[in-house]
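A.B. asks: Would you be able to build a 3D model of this:
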Amino acid sequence: MSSRKYHKIVRIAVAALAVGAGLASAAETLSPAANKVRAAWFEQVISNPIGSGIAGYGGGDVAKAKLDDLLLCGLCVDDGRRKALLLSFDLVCLDIDTIVRYRRHAAKALGMPEEAVMVSCTHTHGGPHTRAYERGRGDDDEFVLPDDDGHPDVKYVKWLDATVERAISDFAARPGWKECRVGYYSSQCDENRNRRFTTADNCASFIAHRRALHGIASGIADKELGTVALLDPATMAPLYVVGNYAAHPLASHAPGLGGLRITSDFPGFYRRYIESETGAKAMFVQGAAGDLVPKGDELGVAAARSVGESLAMASLAAVIDIQRNAARFVMAKPRVSASVRRIESPVRQVWRDVLKKDSVSLEVQCVSVGDVAFIGLPGEPVCELGLEIKWHSPFRRTFVAYGATGNCGYISPANLVAAGGYEPQYQQFRSRDTLKLVEAARDALFDARNAAFPEDNEGVDGYPDNKNLPLVNLPGGVKASKWR
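C.D. replies: Numbers count the residues shown, from 1 in each chain. Purely as a prediction, here's the structure:
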């Protein structure tokens, strides 16, 4: 080979290496490091006007005042390979067709799969009717609505569609990405209670209507407050906080005017307290609150503030623990994943004339970031089902997202239906299939985790590090005793 040809080959090789290095450098600037994500967020006011219908307790209530604005809160997380978008609406619920429209629009605008867009509602009763109601059974006319579309406020729903699409499009055009570390925490907060009392022969009473009996409530209550914090990588200051807790937002729903105010209830107080104390933005995701109410329910603004700010302070305490124990609570691999599972279930005989169909299609959705998963369910699951799903999840922490995949009313396990009471009478599909719903949720969770962490999916039942954890792993505890 001539000297001239040799030097030409060397120059080409050097140039190729330089281009490759440049592409690698560009890729690094576009994608976060393995232990970081890019995140962006937005808010949109979605309040209905005073004088319009208000969800209340399903009757013909009209809003006479406004306590605070209703919000749509959106958070998008990008791990460099996949994106996930959480949308939390201060609304009582949304129908599946509306949810699908919002998913589809967001997925197209942000360039992501529809299954990675999760829509949930805080379930405030201090907002407009946004779900379709059907004529009640027999003489029950509680849910008869006047217009052809089945909505009491068609004008608002159409306005909401346009507002949500515009907000998402504007966000997608100018997201304002920030590089973040992701931390998570779980704590127990005594701010809710079950509203059912069950006798020895398994007959349930709805004691929400008898305040003197609240102290004898025997139903289970899920007290877990889940906190996810996006942190500045340099300072570890919180940039965005997501809280997850289970309780109907009925604290501010006092008799008279209190029940006729537009309000986000305690989730709004939660967000505002975190924002005022930290400068971070915040989102509230409602948990499996079908049979849970907040402490001080229906007692007014002070009760809503007390619950919301108590939960917010617990999330701030969680952020402190995350910051000071980063090795434990800041994710080393905040990978994003999502999955959807569906089941078909026969409609209960008593509901067939109401729904005009013999079966319903039910969907569960999982959106995960690293060690945390949000599992979306269709309607109002009681807390017992939420707890069951959490126990079967392969993620470190799993948080339920209320009404994320539709509005099929209350969802109760078979034994609650056998006991009767308020929630089971609105069980639309066959109660034995609530177990199928739990199984579908389990499978969606495993699907998402296996996709995010394929290296852990070895053998029959692989997990990342359960063999290497010390038997006692509290700070200062025994560190050497590991299972072999």
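
A.B. asks: Just the helices from the stretch 251-400 of the chain, written as ranges.
C.D. replies: Using DSSP state H, counting those that start in this stretch, the helices found in the stretch 251-400 of the chain span residues 266-278, 301-324, 326-329, 349-355, 383-391.

A.B. asks: Next, the buried residues of the second one.
C.D. replies: This means helix 301-324. Neighbour-count burial for helix 301-324 flags 301, 303-312, 314-316, 318-319, 322-323 (criterion: 16 or more other Cβ atoms under 10 Å). Bear in mind the C-beta positions are built from the backbone N, C-alpha and C, glycine included.

A.B. asks: now swap in the fourth one and tell me
C.D. replies: By neighbour count, and taking 16+ other Cβ under 10 Å as the criterion, the buried residues in helix 349-355 are Trp351, Val354, Leu355.

A.B. asks: Take these and write them to CSV, including pLDDT.
C.D. replies: What follows is the buried residues of helix 349-355, written out as CSV (pLDDT from 0 to 100):
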residue, pLDDT
Trp351, 88
Val354, 84
Leu355, 85
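
A.B. asks: Excluding chain neighbours, what is closest to Ile96?
C.D. replies: Gly406 (3.6 Å; Cβ to Cβ, 6 or more residues apart in numbering).

A.B. asks: can you confirm that neighbour is in a strand?
C.D. replies: No. The assignment for Gly406, made by DSSP: H, G, I helix; E, B strand; the rest coil, is coil rather than a strand.

A.B. asks: OK, contacts around it?
C.D. replies: Leu94, Asp95, Ile96, Ile99, Leu362, Glu363, Pro378, Gly379 (Cβ atoms under 8 Å, 6 or more residues apart in numbering).

A.B. asks: give me the low-pLDDT residue ranges for the stretch 101-250 of the chain?
C.D. replies: Applying pLDDT under 70 to the stretch 101-250 of the chain flags the ranges 132-152.

A.B. asks: Could I get the full set of strands for it?
C.D. replies: Secondary structure of the stretch 101-250 of the chain, counting by DSSP state E, counting those that start in this stretch: strands at 117-121, 178-188, 192-194, 196-198, 204-206, 224-231, 238-245.

A.B. asks: wait, what's in contact with Phe446?
C.D. replies: Taking Cβ under 8 Å, 6+ apart, one finds Pro394 in contact with Phe446.

A.B. asks: Helix or strand: which one has it?
C.D. replies: helix 434-452 (DSSP states H and E).

A.B. asks: thinking again about what came up before, what about the strands of the stretch 101-250 of the chain, which gets the closest to Ala167?
C.D. replies: When the strands of the stretch 101-250 of the chain are compared by Cβ to Cβ, strand 117-121 sits nearest Ala167, at 13.0 Å.

A.B. asks: List the strands paired with the closest one, with their directions.
C.D. replies: Sheet pairing of strand 117-121 (DSSP bridges) gives strand 83-89 (parallel).

A.B. asks: neighbouring contacts of the partner strand?
C.D. replies: Contacts for strand 83-89 (Cβ under 8 Å, 6+ apart): 46, 70, 72-77, 102, 106, 110-112, 116-122, 242, 283-285, 336-338, 367-369, 374.

A.B. asks: Of these, just the buried ones, PyMOL syntax please.
C.D. replies: Applying 16+ other Cβ under 10 Å to these, the buried members can be selected in PyMOL as follows:
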select buried, resi 46+70+72+73+74+75+76+77+102+106+110+112+116+117+118+119+120+121+122+242+283+284+285+336+337+338+367+368+369+374
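
A.B. asks: Out of the strands of the stretch 101-250 of the chain, flag the one nearest Ser218.
C.D. replies: It is, among the strands of the stretch 101-250 of the chain and with distance given as Cβ to Cβ, strand 196-198, at 5.3 Å.

A.B. asks: All set, thanks.
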